[in-house]
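# Structure for this input, please:
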Amino acid sequence: MNDDQSQRLTRALRQAASDDFDIDVAGLAALAGYSPGHFQRVFRRHFGISPGRFLRHGRIDRFAALLRRGMAVTDAALEAGFGSSSRAFEAARDGLGMSPSRLARGGRGETLHYGTAALSLGRVLVAATPKGLCAVLLGDRDESLMEDLQHRFPRAKLEPAGDPFRSTLNDVVALIDRSSTARPIPDLDLRGTIFQRKVWNALQDIPPGRTITYGDLARQVGLPGGARAVAQACGANPAAVIVPCHRVVAADGGLGGYRWGIERKRALLAQEERDA
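This is a model prediction of the structure:
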């Protein structure tokens, strides 16, 4: 793709974002200065995804963000550009893997048990629903880790875990620190879109001591050219190390980004390389 095409696409997408994705493919093509048919080919060649699918993902993401902020489902559907709540419900089932009402509840009616502990990388917070672990968060201070958990589950009841949970917490610490006492982690209950969960599942197939690029992982999950989308899914990963997004690196050999700090990523990879 030449510079002119790249600039046209970038300009069109910026305009679409400013309009909250309330635009169709023909409108996006017009912003880029292309006919709809030519625009489809140029867009797919550059991003590895159709413009229609791109716009749909954008609306789903905005819909989810509005629901998490407490907006009513019908209002959020219109604000996100779906035109009707029925279309939003269909998109939510396909793209979020849960109903809009469940997402809007933000964990209301659920009880999460959590615990914190020290490890070689600082502090870890582990939280679980009755179905399994829903968060493994790394940081330096328990207060900031709690803020992160509350942001992820704003309406859930958060209870410090008792002694039975201590064994699970210790297992997570042992796994992260690569202790010889590490045992298999229990079931996971991770919340995310279907695409995010597809990426997270693929991440769990990468063995310790191995890495993969964002682009290769995108091709592996069926989205060639979707390195950026894969990087975003890695950034949204709620289970540090358990879902090993630290094993995804940039195409140029650099580490890329890491939700919990690039130094932690470097330390994790170095530790796994030594143990391999």
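
# What are the boundaries of the strands in the stretch 1-150 of the chain?
Taking DSSP state E, counting those that start in this stretch, the strands of the stretch 1-150 of the chain run over residues 111-119, 122-129, 132-139.

# For the second one, buried residues please.
In this case it means strand 122-129. Neighbour counts over strand 122-129 (16 or more other C-beta atoms under 10 Å) mark 123, 124, 125, 126, 127, 128, 129 as buried. No exception for glycine: its C-beta is placed from N, CA and C like everyone else's.

# elements contacting it?
Using 3 or more C-beta pairs under 8 Å, 6 or more residues apart in numbering; DSSP states H and E as the contact test, the elements touching strand 122-129 are strand 111-119, strand 132-139, helix 142-152, helix 163-176.

# I'd like the average pLDDT over it.
Averaging pLDDT along strand 122-129 yields 95.

# Can you list the strands that it pairs with?
Strand pairing for strand 122-129, using DSSP bridges, gives strand 111-119 (antiparallel), strand 132-139 (antiparallel).

# relative to helix 163-176, how tilted is the last one?
Interaxial angle of strand 132-139 relative to helix 163-176 (axes from the mean of the first three to the mean of the last three C-alpha atoms, to 10 degrees): 60 degrees.

# And the contacts of strand 132-139?
For strand 132-139, the surrounding residues in contact (C-beta atoms under 8 Å, 6 or more residues apart in numbering) are 112, 114, 121-128, 145, 148-149, 152-153, 168, 172, 185-191, 238-242, 260-261, 264.

# chain center to it, what's the gap?
On the basis of C-alpha atoms, centre = their mean, to the nearest Å, strand 132-139 sits 13 Å off its chain's mean C-alpha point.

# Identify each buried residue in that strand, please.
Quick answer for strand 132-139 (16+ other C-beta under 10 Å): 133, 134, 135, 136, 137, 138, 139.

# now, among the residues you listed, which is nearest to residue 255?
Taking C-beta to C-beta as the measure, residue 138 is the one of these closest to residue 255, at 15.7 Å.

# quick one: low-confidence ranges for the stretch 51-200 of the chain?
68, 91-109, 179-182 (pLDDT under 70).

# okay, the angle between the longest helix along the chain and helix 142-152?
Taking DSSP state H as the criterion, the chain has its longest helix at helix 51-68. For helix 51-68 against helix 142-152, the angle by the same axes, to 10 degrees is 110 degrees.

# how deep is residue 25 tucked in, by neighbour count?
Neighbours of residue 25 under the rule other C-beta atoms under 10 Å: 17.

# Can you name the two of the buried residues of strand 122-129 that sit furthest apart?
Farthest pair in these, by C-beta to C-beta: 123 and 129, 21.4 Å.

# before we move on, back to that, can I get the strands of the stretch 1-150 of the chain in JSON lines with distance to residue 53?
Formatted as JSON lines, the strands of the stretch 1-150 of the chain follow (distance: least, C-beta to C-beta, whole Å):
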{"stretch": "strand 111-119", "distance to residue 53": "33"}
{"stretch": "strand 122-129", "distance to residue 53": "31"}
{"stretch": "strand 132-139", "distance to residue 53": "28"}
